[in-house]
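Novice: quick check, what structure comes out for this input:
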Amino acid sequence: MLSRSRPYLTRRRLSAVLDHVATAPDEPLLFLYPSWFTSLPAHRRSSLTRNPSLNSSRQYHRPSKRGSNVSQLPAQSSTGSHSSRHITTSSVAVGRHGLDKETTTPAAKPEASRRSPFPQPTSDNTSRWTPPRVRSLAALSSISPRDKKKLQHRQSELDNTRKNQQKTIEGRWKDQAAVFERMLRMNRAIPASAPLKSNQLELYLREETIAEFAGLVSRGENIFYRHVYHGCKVHVKPLSESVGMCRRVILEGRPAAVEEVKKELLEIGTLQDEYDPVVDMRKPVVPIYPRVDRRIHKDIPLVRGTWDMPKDPTEFTVDQIVRQGELLATVRDFTHHVEDLVTSWPNSKEQPGKHGADVADALETLFLKSAHTELISTASLNQALSFLLERKQYWIAHQIFRSAKHVATVETFNMMLKSTALEQNLKRFRSLLHGMENLGIRADVETWLAYADCFVSPSKKMAVVNSLRQRGMLQETTLQRTALRAVLHDLLVEHLHDGGDMNSFLEKIARDWDSTMWSPSMVNQMMCAVMRVNHLKARDQLFQFCRQNGLRIEPYTFLLLVGTCNKGNILQALQYMYQTMEDPARELTIAGWTRIFLHAWHGGYYNICRVIWRYACMRGHAASRIAERVYESLLHEAGPETTFRRAVAARLILGIDLGTPRPTVAGRFYKLKGLPADHSADPVKYLCIQVDPKERNNQLNVSEAILARDMDVARFYKPQVSFRAMLDAATIVDLEWKELAREKALAREGALTLEWMRDNIIQVKLLPHDRKDEKKKKQQQQQRWRRR
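Specialist: So this is what the prediction gives:
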């Protein structure tokens, strides 16, 4: 839809312009004043003042540079409520035994606290204070996985401080009070819109003109500097302030610098109107409107364009791109360089897991270099922070954010606030709000949603979201979906506890939230809530709803469903897999392959184990836990008449291409040392005979070699039959074997022997995998991508 003169521009990320704009609130949220932390018992305050050791400063440890090392949550952990009393919904009261008859200490409360929807604190004068991890363990069964992750971060911080936990918890109440008061002060002090200053100039430019100058089309604000004379600040305002096809741009600086930058921008627009080949970013053939809102723009045409957002990775590695970073001279070059880094290929195919850390180190070096300070823009900063926060490189993200705070916007701060809320670091949250106040950035709805995300208690999160809805601050579709995603798990748990079902819940959400669009992440949240409540009818209704609407269920949901199956119940696990995946061979993760294999292994379904083993090896997903189970079986000695299940299983599974007349390419490099010559045609048969004790070590060596060979040789093959069809056939054979074994047991005959099962085991047909054809296909795809 867009014509361009140079092909390399097609790989730049051009944000799709949609009507997703967060409008700043006009008045503060006065209801959120958390006054309950001020009503602490008097004896608790006096005990703190008497103990001088509790007044010492906290010790904070610097986090790891490569990411946060969060300790695992112990079996008895904090419930997430800062007062550690209870976490409640409207239908489930949670708390430790003995706190049912708590009474609130009478105290004078200000008027603001009477309007607060938060639950008031309670005091227990009959018992001493108990650590938070003992308080309400029952709440852990109903909170969402995301909130459990918050508890892990919070527990890690409590362990690192190594101070009295009572003071830590009480300090958190004060931190939340400071956060709330600062947000209220920001809303009162910072105006929603300010008049132009004497050194500012207002322009209205098209998106392609800004993209030619800055290197990227951004849906949000974008700030960068053009260093002519004494410098000029270019501030691209958000989409809500756009007019027609033009974005509002504010130039700030000395008159000579502002005039020079204005001249450059207008000249670029003129060249684009003339379709001059010198300009890389040409004028679109069809009009593109930054904000499509018919309530404001009545003359928007039905035929219009939008910006493309290609996500194809570059063909260069991280090291190759880093070497090109020495020639950066403009804001546009710097933005393109950051985009190439976050879409690069790993340096080593053998260690792809280090790719995120390598990119993080490259971004840190790039942004912290003093010569690049004048080249940083909001678009490049947000790209880097989004990549780092997604991969939990929190320390590097905060280092880059501090060095580039001069181009930060409310969108940048919201990204950092959301990650800080997940870390449960209220001190850093308050520091970020202080930075917003110093820069004159007003908190928007996303900021308040990030504040709600600091809470783990469902009632507190719901109070924030309900107040935003009542004030009409969730009119935008994206904001409404973000708020719904924050409370969806808790709403469904409460609904199911009240006796409702899934169908009525979906109708309620469609009616109350005006939401008929469901994403895979929201389906995953609902499935997590259903499984934690163990509501089987709601689970089946959700499966039916997903099938009717074509919704995909994420791999994590499949792991959660399989975890509810009894040990060895592979038939139920396969049913869940068929309900959640269209192509299991491609969609299963390493953890998914491991779960279904172990279920089949413990259930004694040898044919299913054989199919899963071979397809997992061909996909390269044969995890160490699977290999350990197979190797443990090989340690048991077996003969043709062996019926012991643990000894039989591995000998029915191994040998992905052994014993067939077709030679293999990998067979040249795998010489099974110690294999007798009379067993060269079928090496697995050598493992199915009983040998002398002196030859037992040689037999074990051969078995280890066959195990390693299967995991390596499988990449040279591809299956002839689909994974699901083979699983169906293997299931039928295993059920017939179990029925035959049951009949033999009733007739008091011998069980199925290893020799009989080897003769009747299902065969997995394989085809040679031509790597040359795959390489040619990949080259053709890259050529087509370059032509775009």
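Novice: quick check, Lys233 in a strand?
Specialist: Yes: read with DSSP: H, G, I helix; E, B strand; the rest coil, Lys233 is one of the residues of a strand.
Novice: what sits against it?
Specialist: Neighbour list for Lys233: Ile223, Tyr225, Leu251, Glu252, Gly253 [criterion: Cβ atoms under 8 Å, 6 or more residues apart in numbering]. Using the backbone N, CA and C atoms, a C-beta is placed for each residue, glycine as well.
Novice: state the pLDDT value of it.
Specialist: Looking at Lys233, its pLDDT reads 94.
Novice: make 504 the starting number, not 1.
Specialist: Right, with 504 as the first residue, what we last looked at is Lys736.
Novice: that one and Leu719, how far apart?
Specialist: According to Cβ to Cβ, to the nearest Å, Lys736 stands 18 Å off from Leu719.
Novice: tally of neighbours for Met1121?
Specialist: Neighbour count for Met1121, taken as other Cβ atoms under 10 Å: 22.
Novice: that older thread, in strands, which of the contacts of Lys736 fall?
Specialist: Assigned to strands by DSSP state E, the following of these qualify: Ile726, Tyr728, Leu754, Glu755, Gly756.
Novice: residues contacting the second one?
Specialist: Residues counted as contacts of Tyr728 (Cβ under 8 Å, 6+ apart) are Gly734, Cys735, Lys736, Val737, Val834, Glu877, Val910.
Novice: repeat that for the fourth one.
Specialist: Applying Cβ under 8 Å, 6+ apart, one finds that Glu755 lies in contact with Lys700, Asn702, Gln703, Leu704, Cys735, Lys736, His738, Val761.
Novice: now it: closest residue in space that isn't a chain neighbour?
Specialist: Lys736 (4.3 Å; Cβ to Cβ, 6 or more residues apart in numbering).
Novice: circling back to that earlier point, buried subset of the contacts of Tyr728, written for ChimeraX?
Specialist: This is the ChimeraX syntax for the buried subset of these, where burial follows 16 or more other Cβ atoms under 10 Å:
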select :735,736,737,834,910
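Novice: Asn850 in helix, strand or coil?
Specialist: Taking three-state DSSP, the label given to Asn850 is coil.
Novice: sorry, back to before: return the member of the contacts of Glu755 nearest to Ser873.
Specialist: Lys736 (19.0 Å; Cβ to Cβ).
Novice: which strand residues bridge that closest one?
Specialist: Per DSSP bridges, the residues bridged to Lys736 are Tyr728, Glu755.
Novice: tell me the spacing between it and Leu704.
Specialist: 11 Å.
Novice: which neighbours do these two share?
Specialist: Joint contacts of Lys736 and Leu704 (Cβ under 8 Å, 6+ apart) are Leu754, Glu755.
Novice: distance between the ends of stretch 809-824?
Specialist: Separation of the first and last residues of stretch 809-824 by Cα to Cα, to the nearest Å is 29 Å.
Novice: now it: mean pLDDT?
Specialist: On average, the pLDDT along stretch 809-824 is 78.
Novice: do stretch 926-944 as well
Specialist: Here stretch 926-944 scores 87 as its mean pLDDT.
Novice: what's the answer for stretch 1242-1259, then?
Specialist: Mean predicted lDDT for stretch 1242-1259 stands at 89.
Novice: excluding chain neighbours, what is closest to Asn1037?
Specialist: Closest residue in space to Asn1037, ignoring its immediate chain neighbours: Thr1067 at 7.8 Å, by Cβ to Cβ, 6+ apart.
Novice: pLDDT weak spots in the stretch 604-753 of the chain?
Specialist: Judged by pLDDT under 70, the stretch 604-753 of the chain has its weakly predicted residues at 604-645, 652, 654-681.
Novice: what about the helices in it?
Specialist: Assigned by DSSP state H, counting those that start in this stretch, the stretch 604-753 of the chain shows helices spanning 614-617, 648-664, 668-692, 710-717.
Novice: check the stretch 1004-1153 of the chain too.
Specialist: With helices called from DSSP H, counting those that start in this stretch, the stretch 1004-1153 of the chain shows them at 1005-1015, 1023-1036, 1039-1052, 1058-1066, 1073-1083, 1087-1090, 1093-1106, 1109-1122, 1127-1137, 1148-1156.
Novice: mark which of the contacts of Glu755 are buried, thanks.
Specialist: Leu704, Cys735, Lys736, His738, Val761.
Novice: so the first one makes contact with Arg757?
Specialist: No: taking contact to mean Cβ atoms under 8 Å, the distance of 11.2 Å between Leu704 and Arg757 leaves them out of contact.
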